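Asks: My questions are about this predicted structure, shown below with the sequence.
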Amino acid sequence: MPLLHPSPEIRDALQTGLPVVALESTIITHGLPWPRNAQTALSVEQAVRDAGAIPATIAVTNGKIRVGLSRQEIEILAQKPDVAKLSRADLAACMAMGGTGSTTVAATMICAARAGITVFATGGIGGVHRGAAETFDISADLTELSQTPVTVVCAGAKAILDLPKTLETLETLGVPVIAFGQDAFPAFWSADSGLPAPLRMDCPARIALAHRMRAALGLPGGQLVVNPIPQDAEIPRETLEPLIAAAQSEADAQGITGKAVTPFLLRRISEMTDGASLSANVALIHANARLAARIAIAAVSDDA
Ligand code: PSU
Ligand code: MN
């Protein structure tokens, strides 16, 4: 029973050593509203192609891990109600039940690594939630980064999280956190979180080399590349902070927990900013897709 079902384009690309960038699907089902989600998923794929690499959007449909969804499949997934949000814990169970689910950063990393894809672009990873000392809500994305060898390009952890605790946890887990082209750790909708990034690199080829070095040393796990949102798309931290706090209070008051927290906060912040946070979200995903393509190109040229 084959576990992975790559599209013909992705199978050929991987066999011939072309650069491939994995893309997740939870952003489609839980991160952005219809029709913006489908438009963004397709335009992000185009951004990867324009930068010279091949996009592979990953999801589970009817129990099968699909690597490289078609345009039509993306549009169907984007409109499907109540799709499961799959992480490490429930990926195999969903497959066993013949179910359909979108893959989070953690689950996308697992599928990408199995397929032989080493570079993955997303918006923002999950992390340590505010109030985690009480709720213990820490995204499985963090532990995944410590065990699965994929370089994940994001715009930092979402600013709805507790960023200092997220960075501490990544350090404990031995995950390299590399800011691209700046010293500060970015905060998703804002380029600067006010916290320094543990590492900085200015060149995609170095990032690809560091990935190979980890493997050569026998270290498990991947790397987190944090790419600041482009300046013209940024929302200042001061503007967002009170809105994030308000959205978090609403979530607490309504008893929102577990997997529902991140989608709830993203939706409320988009409503509170009249969609400005959504436009910023779309812009940063595009920027991450372009950088991931450059890293993937460097990675395959090193291999040659
Ligand atoms: N990035 C975005 N929007 C999202 C996500 C990432 O710009 O919706 C998703 C990712 O799939 C990530 C998940 O893995 O949110 C984190 O969810 P949680 O906090 O429940 O682990
Ligand atoms: Mn969580």
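Replies: Received the coordinates, thanks. Ligands and ions are numbered 1, 2, ... in the order given.

Asks: Next, the contact list for the residue nearest to Glu171 when sequence neighbours are not counted, please.
Replies: Excluding the flanking residues, the one nearest Glu171 by CB to CB, 6 or more residues apart in numbering is Pro198, at 6.7 Å. Where C-beta positions appear, they are placed from N, C-alpha and C, glycine not excepted. Applying CB atoms under 8 Å, 6 or more residues apart in numbering to Pro198 gives the contacts 167, 170-171, 176-178, 185.

Asks: Relative to the whole chain's centre, how far out is the helix or strand Ile269 falls within?
Replies: Applying DSSP states H and E as the criterion places Ile269 in helix 261-272. Put simply, helix 261-272 sits 17 Å off its chain's centre (CA atoms, centre = their mean, to the nearest Å).

Asks: Would you pull up the residue in the stretch 101-250 of the chain closest to ligand 1?
Replies: Closest residue of the stretch 101-250 of the chain to ligand 1, CB to the nearest ligand atom: Gly123 (2.1 Å).

Asks: quick one: buried residues of the helix holding Ile269?
Replies: 261-270, 272 (16 or more other CB atoms under 10 Å).

Asks: circling back to that earlier point, what is the nearest of the contacts of Pro198 to Asp50?
Replies: Minimum distance to Asp50 across these is 23.7 Å, recorded for Ile178 (CB to CB).

Asks: follow-up on the earlier one: against Ala41, how distant is the nearest residue to the residue of the stretch 101-250 of the chain closest to ligand 1 once chain neighbours are set aside?
Replies: Closest residue to Gly123 apart from its sequence neighbours, by CB to CB, 6+ apart: Ile285 at 4.8 Å. The gap separating Ile285 from Ala41 is 9 Å, by CB to CB, to the nearest Å.

Asks: Have a look at these two and say which one is more surrounded.
Replies: Using other CB atoms under 10 Å, the more surrounded residue of Ile285 and Ala41 is Ile285, with 27 against 24.

Asks: Give me the pLDDT for the more buried one.
Replies: Per-residue pLDDT puts Ile285 at 98.

Asks: Now do the contacts for it.
Replies: Taking CB under 8 Å, 6+ apart, one finds 27, 40, 44, 121-123, 155 in contact with Ile285.
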